[in-house]
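Student: Everything below, folded, please.
(one chain, ligands or ions: 1)
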Amino acid sequence: MTRILITGSLGQIGTELTQQLRSKYGKENVIASDIRKNDGDDGPYHILNVLDKEGFSSLIKEQEIDWLIHNASVLSATGEKNPHLAMDVNIRGFENAIELARLNNLRILTPSSIAAFGPSTPQENTPDFTTMRPTTIYGVSKVYLELLGEYYNHKWGVDFRSLRYPGIISSEAPPGGGTTDYAIAIFHDALKQMRYTSFLNADATLPMMYMPDCLKGTIQLLEAEEEKLTQRTYNIAGISFNPAELASSIKKHLPDFEISYEPDYRQEIAGTWPKSLDDSNARRDWNWLPDFDLDKLVTDMLENLSNTLEITYK
Ligand SMILES: NC(=O)c1ccc[n+]([C@@H]2O[C@H](COP(=O)([O-])OP(=O)(O)OC[C@H]3O[C@@H](n4cnc5c(N)ncnc54)[C@H](O)[C@@H]3O)[C@@H](O)[C@H]2O)c1
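Tutor: As a prediction, the model looks like this:
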């Protein structure tokens, strides 16, 4: 049975990815890890700082790991507040992960992001291969990660795989300090107080994705036969929308909902990212296809979140 280690497993994506992989590969075969204490008790968990290379190496050996999902990261908005922390975790942490993948012959999947693109990238239908000059430290760390992973693949045959996630929306774990977090906070505030103040402009269109699609795409790429991969880093797209469009879809369920706009430094970051992605290579190579459009996402989010928050809205 395949043994999987996930770093950063208590994060927004790691929390749900761990659950899905456990239901597929067995609880005991999916080892979760993060730098923080875990209050849950639903399967094997180890505290691991990815900067502690020896501890990282021992965990891989002791647990006889085959696949490493390296999710530990400092996200875009937090990274701009603390660039040196982002350099340590995202760059040094990834160097440890990819080197340990080489030494232990692991398949390694590490997410990249739309933040790897920058203001000189074509913003509509952005392809996999294009100009990449990001202006955030988070974006710089993602370009480095993609290139270093690809280098390890050319040089030593390491089975490195990466996806450029758009902004991920979920009703479960809270977001970790990204520029697209508005699209989660808006649902909480809509249900709790019928109003939301957006830190992005009304027309700040960005590529976004609902968590079930993110998990589906991640597991599809993780499991894809290596011969089918014609490249190592893939765009995956869900839907593109802006705060005004999201608000009007929410209004179909909550007619009294109101949105206002007070853009802050995160608008500057968002302005440098693509508006939509071309993910045709992922569709061709490993059958990627998202399930959720905007209205389906909004209906599902409101239903799940209202259950969690115990708020009746219908
Ligand atoms: N959530 C999104 O919208 C989004 C979009 C694009 C890309 N991504 C990428 O997906 C991956 C997972 O993102 P997420 O949303 O779950 O992030 P998150 O911020 O919610 O989680 C990251 C986790 O990493 C952990 N961590 C931080 N420093 C660490 C260290 N030194 N050692 C070990 N763990 C450490 C944190 O405790 C946290 O639980 C990241 O690579 C991120 O860049 C996420």
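
Student: Please count neighbours and contacts with C-alpha atoms only from this point.
Tutor: Fine.

Student: residues near E223, how many?
Tutor: Using other Cα atoms under 10 Å as the criterion, E223 is surrounded by 11 other residues.

Student: do you know how far it is from L21?
Tutor: As judged by Cα to Cα, to the nearest Å, E223 and L21 stand 11 Å apart.

Student: If you count residues, where's the longest helix of the protein?
Tutor: If you go by DSSP state H, the chain has its longest helix at helix 137-156.

Student: Report whether that one contacts the ligand.
Tutor: No. Counting by Cα under 6 Å from any ligand atom, the ligand is not contacted by helix 137-156; separation bottoms out at 7.7 Å.

Student: can you pull the buried residues of that helix?
Tutor: By neighbour count with 16 or more other Cα atoms under 10 Å, helix 137-156 contains the buried residues 137-146, 148-150, 152-153.

Student: Quickly name whichever of those residues is closest to S306.
Tutor: Distance ranking of the buried residues of helix 137-156 against S306, using Cα to Cα, places Y138 first at 32.5 Å.

Student: The closest one touches A115, doesn't it?
Tutor: Yes. Counting by Cα atoms under 8 Å, Y138 touches A115, with 7.0 Å between them.

Student: joint contacts of those two?
Tutor: When contacts are counted by Cα atoms under 8 Å, 6 or more residues apart in numbering, Y138 and A115 have S76 as shared neighbours.

Student: residues in the stretch 101-250 of the chain within reach of the ligand, list them.
Tutor: Residues of the stretch 101-250 of the chain lying near the ligand by Cα under 6 Å from any ligand atom: P111, S112, S113, Y165, P166, G167, I168, P175, G176.

Student: Report the secondary structure state of A97.
Tutor: Per DSSP: H, G, I helix; E, B strand; the rest coil, the local secondary structure of A97 is helix.

Student: count of neighbours near it?
Tutor: As a burial measure, the neighbour count of A97 was computed by other Cα under 10 Å and equals 25.

Student: Name all residues that make contact with it.
Tutor: Taking Cα under 8 Å, 6+ apart as the criterion, A97 is in contact with V50, H70.

Student: So for it, what's the pLDDT?
Tutor: Turning to A97, the model gives it a pLDDT of 99.

Student: roughly how far apart are it and E54?
Tutor: For A97, the distance to E54 (Cα to Cα) stands at 11 Å.

Student: Next: M211.
Tutor: Taking Cα to Cα as the criterion, M211 is separated from E54 by 33 Å.

Student: quick one: which of these two has more around it?
Tutor: Shown here are M211 and E54; by other Cα under 10 Å, M211 has more neighbours (21 against 12).

Student: Tell me where this structure has helices.
Tutor: Going by DSSP H, the chain shows helices at 12-25, 53-62, 76-81, 83-86, 93-104, 137-156, 182-193, 211-223, 243-251, 265-270, 280-286, 294-309.

Student: in the third one, what counts as buried?
Tutor: Judged by neighbour count (16+ other Cα under 10 Å), helix 76-81 contains these buried residues: S76, A77, T78, G79, E80.

Student: what's the answer for the second one, then?
Tutor: Within helix 53-62, the residues that qualify as buried by neighbour count (16+ other Cα under 10 Å) are K53, F56, S57, L59, I60.

Student: With the last one instead?
Tutor: Buried residues in helix 294-309, counted by 16+ other Cα under 10 Å: L294, L297, V298, M301, L302, E303, L305, S306.
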